[in-house]
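Visitor: give the three-dimensional model of this entry:
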Amino acid sequence: MRKVAFVCSEPWISGGFNVIFRHAMELARGGITVAIVCKTPVTAAHVGWHPIAEMADHPNLLWLDHNEALSHRFDLAIATWWRTFFDLWKVQADRYAYFVQSIESRFYPLEERVTRAAVDATYEAPLGIITEARWIRDYLQRVHGRDAALAPNGIDKAIFTETGTVISPRSPGRLRVLVEGALDASFKNVPASIRLAREGGADEIWLLTPSAADTVEGIDRVFSRIAQAQVANIYRSCDVILKLSLVEGMFGPPLEMFHCGGTAIVYNVTGHDEYIVHGHNALVAERHDDAAVVRFIRQLKDFSPFLEALKANARDTAAQWPDWPAATAQFRDAMEWAAAKAAFGRDSLGLYSRRIWTLVESSWRQAAAAEQVLLAREQALLARIEAIYQSSSWRLMRPLRGVSRAVREKGFATMVAMSALRKVQTSLRSHWI
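Guide: Below you'll find the predicted structure:
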């Protein structure tokens, strides 16, 4: 296999893109031509946070948009998340594969049934599948009847080390907690993590986030959109990372913290058991068990020998974890396996993809139209309330003001608000009579 394409969304700071870029870097160094294929051209701003920026001009690395990719043919083209599955057929390749980094239907609420079904349908297509975590491999086989090659992620052991520059040295007797995650991704659970760190009595709380932020309530120091080469400086300054994600594939930040001499508190989210052992190298709470998280933080704050024991065992775990060259060697074998398993040609893949995507887009259009109808009803309701304001005694307006405030500020469903209006109108009629 000499030429491979990773079909991607727009690159941004994330664990998923870190894994894709790391494999691309090692494959390119190993003599394989690797293309990063996106809908629109990739710029320096998209990749400046990652070490791949330093080898962006490598002769074996191609950065292509969809139009540019049409002039290439690849041995293997790989979708990298569910929406890129629907772009995969647009790339000319001998074989097609799917790199599944999580069960992504779980990123969406139950109410978004069509989207969740579309994501799950991507796992049914007869492509060769590669994944990074045992639980994903087992899930795909159990639920979808699909085999997958396992290629665990590596880590950059030159960046993530216990010795090196720090932002501020750790202080014995003071617990510095690092919260990590995107502020606008609900499943990353960052606001709750900050609250629990405060309730647990952490002496300092720092935030590392790919979101744009200068200050965040409850946080002592914010580190926003930091280049990966500088992230270890933050890890080395903190005692514990508090990572309370509700959905994960195989998260990297706790493992990076292990390499930098710290430990972690996490939920028992899928993938945590790839390297975390409760009470040995980190602490694991049941999802949404706030009391356990608070108790763990207090334990680490009050019993420094326990904290140090967890850190020592975390170092041992880190020492045994593979680096990226070793991980990509396994990924390369997985690509060969996936290429052999792939059964969809380009035409069949395109037909399958277009049929599903048509349903998704239709569902989204219907949802947008319904939202516009509800918005119009809400505006009409507010106009009716305003008209009553102008025509009635001020003594009778207090209930209406409450309804209006609810509609404007709390986003109550229109039908609920209409029901409330009818009750108020009945009340008004009784007063007038």
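
Visitor: for the stretch 201-350 of the chain, which spans come out with low pLDDT?
Guide: The model of the stretch 201-350 of the chain has no residue with pLDDT under 70.

Visitor: just the strands from it, written as ranges.
Guide: Applying DSSP state E, counting those that start in this stretch to the stretch 201-350 of the chain gives strands spanning 204-209, 221-224, 240-243, 263-267, 283-285.

Visitor: would you turn these into JSON lines with mean neighbour count and distance to Met257?
Guide: (C-beta placed from N, C-alpha, C; glycine too.) JSON lines is the format used below for the strands of the stretch 201-350 of the chain (neighbours: other Cβ atoms under 10 Å; distance: least, Cβ to Cβ, whole Å):
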{"stretch": "strand 204-209", "mean neighbour count": "22", "distance to Met257": "10"}
{"stretch": "strand 221-224", "mean neighbour count": "17", "distance to Met257": "14"}
{"stretch": "strand 240-243", "mean neighbour count": "28", "distance to Met257": "4"}
{"stretch": "strand 263-267", "mean neighbour count": "26", "distance to Met257": "6"}
{"stretch": "strand 283-285", "mean neighbour count": "21", "distance to Met257": "13"}
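
Visitor: so which of those strands gets nearest Leu76?
Guide: The stretch from the strands of the stretch 201-350 of the chain with the least distance to Leu76 (Cβ to Cβ) is strand 240-243; that distance is 33.0 Å.

Visitor: which strands border that closest one, and is each parallel or antiparallel?
Guide: strand 176-180 (parallel), strand 263-267 (parallel) (DSSP bridges).

Visitor: now render these as CSV, adding distance to Arg113.
Guide: Listed next are those as CSV, based on distance: least, Cβ to Cβ, whole Å:
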stretch, distance to Arg113
strand 176-180, 31
strand 263-267, 25
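
Visitor: right, so of the ones you listed, which gets closest to Val100?
Guide: If you check each of those against Val100 by Cβ to Cβ, strand 263-267 wins as the nearest, at 21.3 Å.

Visitor: quick one: which of the strands paired with strand 240-243 is nearest Gly164?
Guide: strand 176-180 (15.9 Å).

Visitor: what's the first helix or strand after the closest one?
Guide: Moving toward the C-terminus from strand 176-180, the first helix or strand encountered (DSSP states H and E) is helix 190-199.

Visitor: quick check: buried residues in that next one?
Guide: Val190, Ala192, Ser193, Ile194, Leu196, Ala197, Arg198 (16 or more other Cβ atoms under 10 Å).

Visitor: please apply the same query to stretch 42-59.
Guide: Under 16+ other Cβ under 10 Å, the buried positions of stretch 42-59 are Val42, His46, Val47, Trp49, His50, Pro51, Ile52, Ala53.

Visitor: one step back: which two among the buried residues of helix 190-199 are spaced furthest apart?
Guide: Across those (Cβ to Cβ), the longest gap, 13.0 Å, separates Val190 and Arg198.

Visitor: please parse the protein into its domains.
Guide: 3-154+326-344, 176-321, 371-420 (automatic domain parsing).

Visitor: Glu361: which of the ones you listed is closest?
Guide: Comparing the domains of the chain by Cβ to Cβ, domain 3-154+326-344 comes nearest, at 9.9 Å.

Visitor: give me the distance between the two termini of the closest one.
Guide: 19 Å (Cα to Cα, to the nearest Å).

Visitor: gap between that domain and the chain center?
Guide: 15 Å (Cα atoms, centre = their mean, to the nearest Å).

Visitor: check stretch 151-171 too.
Guide: 21 Å.

Visitor: shift numbering so it begins at 703
Guide: Taking 703 as the first residue, the last one we looked at is stretch 853-873.

Visitor: any idea of the mean pLDDT in it?
Guide: For stretch 853-873, the mean pLDDT works out to 97.

Visitor: before we move on, what about stretch 834-849?
Guide: Stretch 834-849 comes out at a mean pLDDT of 97.

Visitor: biggest strand in the chain by residues?
Guide: Of all segments of type strand in the chain, defined using DSSP state E, the longest is strand 795-802.

Visitor: okay, buried residues for the very next helix or strand once past that one please.
Guide: The element immediately downstream of strand 795-802 (helix or strand, assigned by DSSP H and E) is helix 815-824. By 16+ other Cβ under 10 Å, the buried positions in helix 815-824 come out as Val816, Thr817, Arg818, Ala820, Val821, Asp822, Ala823, Thr824.

Visitor: helices and strands around helix 815-824, which ones?
Guide: Here helix 815-824 touches helix 784-787, helix 1048-1093, going by 3 or more Cβ pairs under 8 Å, 6 or more residues apart in numbering; DSSP states H and E.

Visitor: that's all I had, so thanks and see you.
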